[in-house]
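Trainee: below is the sequence, then the predicted model.
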Amino acid sequence: MILAPQQTSRHALMDVSRGFGILGILWLNIFIFAMPFEAMVIPGVWGEHTTSNVATWNFVSVFVSGVMRGMISMLFGAAALIMIQKCETAVNGFSELDRYFRRLLLLILFGVIHSYVLLWPHDILYVYGVIGLFIFPFRNLSVKHLSIIGVVMLVASIFLTAHNSSEIQAAQTAIEENLTEDELNKLREQDPMVDDFEEQSAVPQNGLEGSWLGMVHLATNVIPPTDDKPDISADLQKQFEDMAERIGNEILARQGGYVENFLYLAPLTFAEQTEEMLTNHLLDIATFFIFGIILFKLGFFTLGLETKTYLNIAIGGYVIGGALGLITSLNFEDGELLEPLSSAISDYTYDIRRCLLAAANFATIALALRFGVLKFLTRSLEKCGRMALSLYVSQTIICNSIFLGLGLFGQLEHTEIAIIALIVTIAQMLIAQTYFKRYNQGPLENLLRKLIGNPQNVIHSDQTAK
């Protein structure tokens, strides 16, 4: 994302795709800014009485979740390779290589500030900077060897993702199976959350009806078991109560001031940058870095493939990736044929889906550029891609101003949050268009370049040969 090559001749597909990805990632992140995590991933039980909320989250979970981050990661890997190749062809290659690693170290610093000071624990700048330090040894590997490494890492990531997602899926399934449709609808008709948590315990009590916490209390303590609906085990009840307590604590902290938010989010940020780095991000991000390098070496990002190839990738990616996402995200009625199929494969299709849809998005943008269609949109996205760092950080500032500054955290439903995402997306596209009428770089991109230092007398080996 941030390592876009600083050169006169840019790769349009990479810039447009980077803009598309950085705007698209907001459509997932904004829900994390706006509501508790467990409530975000179980939309049907967050006091929502319309199917539009569930439909909104189904769209995000299929076409956005993981896909946009995958696109940005692949672009980062490809752009890093471009910079390394530039270092190798420069006569003063060590100086250029020094700038490359300083860029990564500064991204780590930017990520720390973004995470702790600006209160975004799920920052990717720190992760990209750290993992980017290890790209250099892979620069000269063949596509074949990179593909083997990438596939092995992808398989490992698939099993890791399946393991991590099992708790949330089990909680969602258990809640829905232990409440009747009438009980679910009754709770969904209420307000999304309790208005005054300060006067109530974070653990579900009788006074929390009409909220997600009330549902957990109802499912675990109130509804008597029947022949069709057996009693919930003690372990599952404890899981529900722990989850409810996490939600209550998060709402209390996130509706507080800056200090309360900092104290609550700092441990999450530390975990993201340490434990999660080793157990999750390393496989996830590094795998897509490698895929990005492969695509660049194949000429994909330089529009070097045939039109038919891009078309086949677009159609195949959307059809197969979309089908996998829909099968694993939609709720099927009991007894339908697809329900056991969905349960059996849902844990293992996340990374496959995001790979296919990311490739389809790239291919579609490539076709648009090749045929010269949607010029206004592609030009606007290209500008966004050239100031991706600035837009990414500004999204954090905007979202925290809305949901923390205005006290809207936990107050809105999924559809309402999506409308805000659309407004912010349009605003950022317009701002990028206007900004580049006067400047050549985004403000944070310009700061990053100044901190790195301008190249001095860079001469490439192909120039010396002329």
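Mentor: Noted; the coordinates are in hand.
Trainee: any weak-confidence spans in the stretch 1-150 of the chain?
Mentor: Judged by pLDDT under 70, the stretch 1-150 of the chain has its weakly predicted residues at 1-9, 39, 41-50, 91, 93.
Trainee: what's near enough to touch the closest residue in space to Ala366 that isn't next to it in sequence?
Mentor: Among residues not flanking Ala366 along the chain, Tyr310 sits closest, at 4.7 Å (Cβ to Cβ, 6 or more residues apart in numbering). Where C-beta positions appear, they are placed from N, C-alpha and C, glycine not excepted. By Cβ atoms under 8 Å, 6 or more residues apart in numbering, the contact set of Tyr310 is Ala363, Ala366, Leu367, Arg370.
Trainee: same question for Thr287.
Mentor: Counting by Cβ under 8 Å, 6+ apart, the residues that Thr287 touches are Gly150, Met153, Leu154, Ser157, Asp351.
Trainee: now the helices: where do they sit in the stretch 201-350 of the chain?
Mentor: 212-217, 234-254, 258-273, 275-276, 282-297, 307-329, 338-345, 350-371 (DSSP state H, counting those that start in this stretch).
Trainee: winner for burial among those?
Mentor: Of the helices of the stretch 201-350 of the chain, the one with the most neighbours on average (mean count of other Cβ atoms under 10 Å) is helix 212-217, at a mean of 26.
Trainee: the residue nearest to Ala366 and Phe376: what is the separation?
Mentor: 21 Å (Cβ to Cβ, to the nearest Å).
Trainee: again with Ile84
Mentor: From Ile84 over to Phe376 (counting by Cβ to Cβ), the distance is 34 Å.
Trainee: neighbour count: those two, which is higher?
Mentor: Looking at Ile84 and Phe376 with other Cβ atoms under 10 Å, you find the greater number of neighbours at Ile84, namely 20 against 9.
Trainee: quick one on the thing from earlier: confidence-wise, which of the contacts of Thr287 comes last?
Mentor: pLDDT across those is lowest for Ser157, at 85.
Trainee: pretty sure that residue contacts Ile285?
Mentor: No: under the criterion of Cβ atoms under 8 Å, Ser157 makes no contact with Ile285, lying 9.7 Å away.
Trainee: check contacts around the closest residue in space to Phe37 that isn't next to it in sequence.
Mentor: Spatially, and ignoring its direct neighbours in sequence, Phe37 is nearest to Glu250 (7.3 Å; Cβ to Cβ, 6+ apart). Applying Cβ under 8 Å, 6+ apart to Glu250 gives the contacts Pro36, Phe37, Tyr264.
Trainee: mind checking how far Glu250 is from Glu260?
Mentor: Taken as Cβ to Cβ, the span from Glu250 to Glu260 is 11 Å.
Trainee: same question for Phe403.
Mentor: Distance from Phe403 to Glu260, by Cβ to Cβ: 14 Å.
Trainee: overlap in contacts, these two.
Mentor: Arg254.
Trainee: so what touches stretch 111-126?
Mentor: The contact list for stretch 111-126, computed with Cβ under 8 Å, 6+ apart, reads 1-2, 29, 32, 69, 72, 107-108, 110, 127-129, 258, 261-262, 265-266, 268-269, 272-273, 285, 389, 392-393, 396-397, 400, 404.
Trainee: wait, Leu391 touches Gln428, no?
Mentor: Yes: A contact is recorded between Leu391 and Gln428 when judged using Cβ under 8 Å, the distance being 5.4 Å.
Trainee: the two - which one has more neighbours?
Mentor: Under the criterion of other Cβ under 10 Å, the comparison of Leu391 against Gln428 puts Leu391 first, with 28 against 24.
Trainee: let me see the contact set for Pro267.
Mentor: Here Pro267 is in contact with no residues (criterion: Cβ under 8 Å, 6+ apart).
Trainee: so how far is Glu276 from it?
Mentor: 12 Å.
Trainee: what of Ile315?
Mentor: For Ile315 relative to Glu276 (Cβ to Cβ), the value is 35 Å.
Trainee: same check on Tyr318?
Mentor: 30 Å.
Trainee: and if you look at Leu23?
Mentor: Counting by Cβ to Cβ, the gap from Leu23 to Glu276 is 25 Å.
Trainee: now do Leu107
Mentor: Taking Cβ to Cβ, one finds Leu107 at 17 Å from Glu276.
Trainee: so where's the stretch 151-300 of the chain uncertain?
Mentor: In the stretch 151-300 of the chain (pLDDT under 70), the answer is 162-241, 243-244.
Trainee: which helix or strand contains Gln78?
Mentor: Actually, residue 78 is Ala rather than Gln. helix 67-89 (DSSP states H and E).
Trainee: between that helix and helix 307-329, how big is the angle?
Mentor: 140 degrees (axes from the mean of the first three to the mean of the last three Cα atoms, to 10 degrees).
Trainee: helix 67-89 vs helix 282-297, what angle?
Mentor: 60 degrees.
Trainee: just checking, which helix or strand succeeds helix 67-89 along the chain?
Mentor: helix 93-112.
Trainee: now that following helix, how far from the chain's geometric center?
Mentor: 24 Å (Cα atoms, centre = their mean, to the nearest Å).
Trainee: keeping just the C-alphas, turn it into CSV.
Mentor: What follows is helix 93-112, C-alpha atoms only, in CSV (Å, rounded to 0.1, in the frame of the first residue of the first chain):
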residue,chain,number,x,y,z
GLY,A,93,22.5,0.7,-4.7
PHE,A,94,23.4,0.6,-1.0
SER,A,95,22.1,4.2,-0.6
GLU,A,96,18.8,3.2,-2.3
LEU,A,97,18.6,0.0,-0.2
ASP,A,98,19.1,2.1,2.9
ARG,A,99,16.1,4.3,1.9
TYR,A,100,14.0,1.1,1.4
PHE,A,101,14.7,-0.1,4.9
ARG,A,102,14.3,3.3,6.4
ARG,A,103,10.9,3.5,4.8
LEU,A,104,9.9,0.3,6.5
LEU,A,105,11.2,1.4,9.9
LEU,A,106,9.2,4.6,9.5
LEU,A,107,6.1,2.7,8.7
ILE,A,108,6.6,0.8,11.9
LEU,A,109,6.8,4.1,13.8
PHE,A,110,3.8,5.5,12.0
GLY,A,111,2.0,2.3,12.9
VAL,A,112,2.8,2.7,16.6
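Trainee: mind listing what's buried along it?
Mentor: For helix 93-112, the neighbour count (16 or more other Cβ atoms under 10 Å) marks 93, 95-97, 99-100, 103-104, 106-108, 110-112 as buried.
Trainee: hmm, back to that, which helices and strands sit right next to the helix holding Ala78?
Mentor: On a contact count with 3 or more Cβ pairs under 8 Å, 6 or more residues apart in numbering; DSSP states H and E, helix 67-89 meets helix 12-24, helix 93-112, helix 125-132, helix 282-297, helix 350-371.
Trainee: if you set the cut-off to 10 Å instead, what comes out?
Mentor: helix 12-24, helix 26-34, helix 93-112, helix 125-132, helix 282-297, helix 350-371, helix 388-400, helix 461-464 (3 or more Cβ pairs under 10 Å, 6 or more residues apart in numbering; DSSP states H and E).
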